[in-house]
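Undergrad: dropping a prediction and its sequence here:
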Amino acid sequence: MIYTPLHPHIYEINEQYFYSSKVHTYLLDLKESVLLFDLPTYAEDLEQWLLSFGKPLNAILSHGSCGIEDGEIWQEKIGLKVYGHQADENHPWIRMKPDVLFVEMPFFDENVEVIHTPGHSAGSICVLEKTTQSLFTGDTIYGNKEGKIRDIRKENYADYENIEDRLKSCQDLLKYDFKHIYPFHYEILEEKGKGALRDYLSKL
């Protein structure tokens, strides 16, 4: 199977890897377009599935290093329009040139909100799908196998990351109405994501 349904119009794309680590990329089937959150590795069956929606195809990068090397293939083969935050234009790990570099948060659908969450990179973003209360977080936050927030203070940070900004962005996310956390790395948190984030921040 190419994908796993998470909600009636939201899918996780299966068997995605960043170097040797398994990661999560997602597809949101919106009213007027399809939105990918981070880019999947190219495969012909995945290409056919994307084209089967019959809608304009967009993708948004959660941060500069999530271009995945196949980004240019998607742009060329199916005309995928890729969005990235302007603050990550010169990110040292970026794998491709986005079609759109934005500062003001782009609009894709009335039920989708793009949220600037600097910290992991200056241009990190999260995406909130309001009808399902699903928060797509990239590398801003993620879960662990115990159903809690993985402690970002214990990671090895690259010199482009700012831990204070990242924690502030996590605190700011509590203002939004969400239940599920869908990250790029590590574990998905279903149903109790906001509670797990609140608990994590309260103990810092």
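TA: Arrived safely, thanks for sending.

Undergrad: tell me where this protein has helices.
TA: 44-52, 71-78, 163-173, 193-202 (DSSP state H).

Undergrad: with mean pLDDT and mean neighbour count added, can I get the ones you listed in JSON lines?
TA: In short, each C-beta sits where N, CA and C put it, glycine included. What follows is the helices of the chain, written out as JSON lines (pLDDT from 0 to 100; neighbours: other C-beta atoms under 10 Å):
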{"stretch": "helix 44-52", "mean pLDDT": "97", "mean neighbour count": "14"}
{"stretch": "helix 71-78", "mean pLDDT": "92", "mean neighbour count": "17"}
{"stretch": "helix 163-173", "mean pLDDT": "97", "mean neighbour count": "17"}
{"stretch": "helix 193-202", "mean pLDDT": "98", "mean neighbour count": "17"}
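
Undergrad: tell me the centre residue of the protein?
TA: Most central residue of the chain, judged by C-alpha distance to the mean C-alpha position with C-alpha atoms, centre = their mean, is G138 at 3.8 Å.

Undergrad: wait, it sits on H120?
TA: Yes: with the criterion set as C-beta atoms under 8 Å, G138 and H120 qualify as a contacting pair; they are 7.1 Å apart.

Undergrad: give me the common contacts of these two.
TA: Counting by C-beta atoms under 8 Å, 6 or more residues apart in numbering, the contacts common to G138 and H120 are H63.

Undergrad: tell me how many other residues surround the nearest residue to S21 once chain neighbours are set aside.
TA: Nearest residue to S21, sequence neighbours excluded (C-beta to C-beta, 6 or more residues apart in numbering): H185, at 6.8 Å. Burial of H185, expressed as a neighbour count using other C-beta atoms under 10 Å, amounts to 15.

Undergrad: if we can go back for a sec, so which of the helices of the chain is nearest Y3?
TA: Distance to Y3, taken as C-beta to C-beta, is lowest for helix 44-52 among the helices of the chain, at 7.1 Å.

Undergrad: low-confidence ranges, the chain, go.
TA: Residues of the chain that meet the criterion pLDDT under 70 lie in 65-68, 156-157.
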